[in-house]
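Visitor: Here is the input, now give the coordinates:
(one chain, ligands or ions: 1)
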Amino acid sequence: MSWADSVSAAENPAGATAKSAYVPPHLRNRPSTNPPAGPAQVSYAGAAALGNNDHSGYGVPNVVGSRWSGQRNEYQSSYSGGGGGRGGGGWNGRSGGWDRGSDREVNPFTDEDNEPVSEQESSAINFDAYEDIPVETSGDNVPPPVNTFADIDLGEAVNENIRRCKYVKPTPVQRHTIPISLAGRDLMACAQTGSGKTAAFCFPIIGGIMRGQFLRPPRPRVAFPLALILSPTRELSCQIHDEAKKFSYQTGVKVVVAYGGAPINQQLRELERGVHILVATPGRLVDLLERARVSLQMIKYLALDEADRMLDMGFEPQIRKIVQQMDMPPPGVRQTMLFSATFPKEIQKLASDFLSNYIFLAVGRVGSSTDLIVQRVEYVQETDKRSHLMDLLHAQRENSVHGKQALTLVFVETKKGADALEHWLCMNGFPATAIHGDRTQQEREYALRSFKTGNTPILVATDVAARGLDIPHVAHVVNFDLPNDIDDYVHRIGRTGRAGKTGLATAFFNENNSSLARSLSDLMQEANQEVPAWLSRFAARSTYGGGKNRRGGARFGARDFRRDSSYNRGATDCYGGGANMSSGYASGGYNNTSYGAACVTSAWD
Ligand SMILES: Nc1ncnc2c1ncn2[C@@H]1O[C@H](COP(=O)(O)OP(=O)(O)OP(=O)(O)O)[C@@H](O)[C@H]1O
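Guide: Below is the predicted model of the structure:
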């Protein structure tokens, strides 16, 4: 039986023709609750409602003209007072979940693609590596961090999935962000690459959907997701989708992915079957919105992964269109979460348009790389790069364990360069594949899979693979061509040294990269890496480069821009800069320019 079929069968078990209230899949086959009292109470989801029979939470959005007023506060009260108590009658006991009676939900934990390539290492994270990690928060009333997953009430089904993922305890970014998100607060979070940001935004979204009460989708054949997760690349969207499916397994929360380069009809069919969380790339989403096949009217949660990339020049118009010019609820009504390892100030300023009374969180030496990655920079002339790479790969081959070569990711600047290097490596006995924007989606996916499984242990890539991709066992990242922007370097080397494991990053530097010298040298120093004397000399000669002059030797590579004096015009202790400084969601309305924080304090001060 299809998911869609199981929806209607459960809605109408006796085959009666009368249309009954929509019951979300995970709430079916449960003892009946008091019937809702009015049309606004046909709830779309809302596990918490089962615990307390409170169906009143989302009536307001049905009222034309006052759609947004007070909705978020109602959500929050519904959340805090809901039936989610551990061990209580709430959603913990969701034994009648839709998946039980359905053969549709594939067990995501048996996916062999996710098996590690070589030694079956435990996925245990090296938490000692994070013990002394500095954390900075700003914003008003920041909820305190938690120490264990048991301290967070995500519900038994999600807890079980966390156990299946072998996550023993939350990473620092999870410890801090999950309580903030569960409290309904908007968030701009910076945390180092590979530190578990995906789960940090997925867990609260899934938990919120399970507990919330939502309206029934108003139109057939149009998808009305409750949560939207945007990411810049197709592969990253697929990865987030895979992760979210694991975290939401057997919760009844349905996750769908939509991205370019894949047949849209298949994605449309999937969307028609129902979606709670839509993971998408911006281009494909705009297409779906323009075809009126997706409506953002019911969005309660918006997460931008790699948010700084999403708001830079390439993506900003599309993001503004999606977030501000379609039918998405405004800031203060929806909950918005922005995540990245890097967050330049000018992008923070742009991003604040999307947020309401938000908390800024920086975990680790943000905008910097992690100490887990050993960074080397070698002076290599353009003409010598290939032979130098060959030397590295030969050395690596000699050190290989059980004949298995460690995975090496080689970044180049151009698509043509990627093709040429892939070909040359193969010709010289090094099995390599390549991924870049001119390859078909099928070729891209094939290349990634072949690399992940170790069949082709060298992947030559452009920046399309620089962000977010979580490929276990990447031992070495080579910047064959250095990027122009230091943040791109941070994301590229972050493909190794993930989840507490160590990694190696080698960069080939020459005169062409002079503009990066200073930011690279500073970054390496910040990460306690040895900076070669010749690089220091280059750095001393050069002005601050790396594209965006935004570092400056601070402990943190990224700070809350609201703490800048230039932003902080006219306010003494606050960051308001003249924006609406009243607290919370001002008087029944919303204000796109409001930063909302009455007084922003910092745990770091
Ligand atoms: N609590 C945890 N315990 C153990 N492993 C975890 C935990 N949380 C996440 N991980 C693992 O850590 C790895 C990195 O996580 P993730 O991809 O979310 O990092 P990220 O911070 O988003 O990185 P990037 O900045 O590169 O996008 C993943 O393999 C994930 O499964």
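
Visitor: For the stretch 401-550 of the chain, which residues are neighbours of the ligand?
Guide: Residues of the stretch 401-550 of the chain lying near the ligand by C-beta under 6 Å from any ligand atom: 468, 470, 494, 498-499. Glycine gets a C-beta too; all of them are placed from N, C-alpha and C.

Visitor: Most neighbours among those, please name it.
Guide: Most neighbours among those, by other C-beta atoms under 10 Å: residue 494, with 28 neighbours.

Visitor: Strands along the stretch 101-250 of the chain, start to end?
Guide: 135-139, 187-191, 227-230 (DSSP state E, counting those that start in this stretch).

Visitor: and among these, the most buried is which?
Guide: A comparison of the strands of the stretch 101-250 of the chain by mean neighbour count, using mean count of other C-beta atoms under 10 Å, puts strand 187-191 on top with a mean of 27.

Visitor: strand partners of that strand, parallel vs antiparallel please.
Guide: The strands that strand 187-191 pairs with in its sheet are strand 335-340 (parallel), strand 359-363 (parallel) (by DSSP bridges).

Visitor: Please report the distance of the residue of the stretch 501-605 of the chain found nearest the ligand from residue 134.
Guide: Nearest residue of the stretch 501-605 of the chain to the ligand: residue 501, at 9.1 Å (C-beta to the nearest ligand atom). To residue 134, residue 501 is 21 Å away according to C-beta to C-beta, to the nearest Å.

Visitor: that older thread, mind putting the strands of the stretch 101-250 of the chain in TSV, mean pLDDT and distance to the ligand included?
Guide: Listed next are the strands of the stretch 101-250 of the chain as TSV, based on pLDDT from 0 to 100; distance: least, C-beta to the nearest ligand atom, whole Å:
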stretch	mean pLDDT	distance to the ligand
strand 135-139	92	15
strand 187-191	95	6
strand 227-230	98	12
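
Visitor: which residues of this structure score low on pLDDT?
Guide: Within the chain, the ranges that satisfy pLDDT under 70 run 1-104, 111-131, 365-369, 401-404, 543-558, 565-605.

Visitor: hang on, the residue of the stretch 501-605 of the chain closest to the ligand packs against residue 373?
Guide: No. Using C-beta atoms under 8 Å, residue 501 is not in contact with residue 373, being 9.8 Å away.

Visitor: which of the two has more neighbours?
Guide: A count of neighbours by other C-beta under 10 Å puts residue 373 above the other of residue 501 and residue 373, at 24 against 20.

Visitor: Just give me the neighbour total for residue 564.
Guide: For residue 564, using other C-beta under 10 Å, the count is 15.

Visitor: hang on, the earlier thing: pipe the strands of the stretch 101-250 of the chain into TSV and attach distance to residue 292 per row.
Guide: TSV is the format used below for these (distance: least, C-beta to C-beta, whole Å):
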stretch	distance to residue 292
strand 135-139	37
strand 187-191	31
strand 227-230	16
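
Visitor: who wins for proximity to residue 157 among the ones you listed?
Guide: Among those, the nearest to residue 157 by C-beta to C-beta is strand 227-230 (16.7 Å).

Visitor: partners of the closest one, with directions?
Guide: With DSSP bridges as the test, strand 227-230 pairs up with strand 277-280 (parallel), strand 301-305 (parallel).
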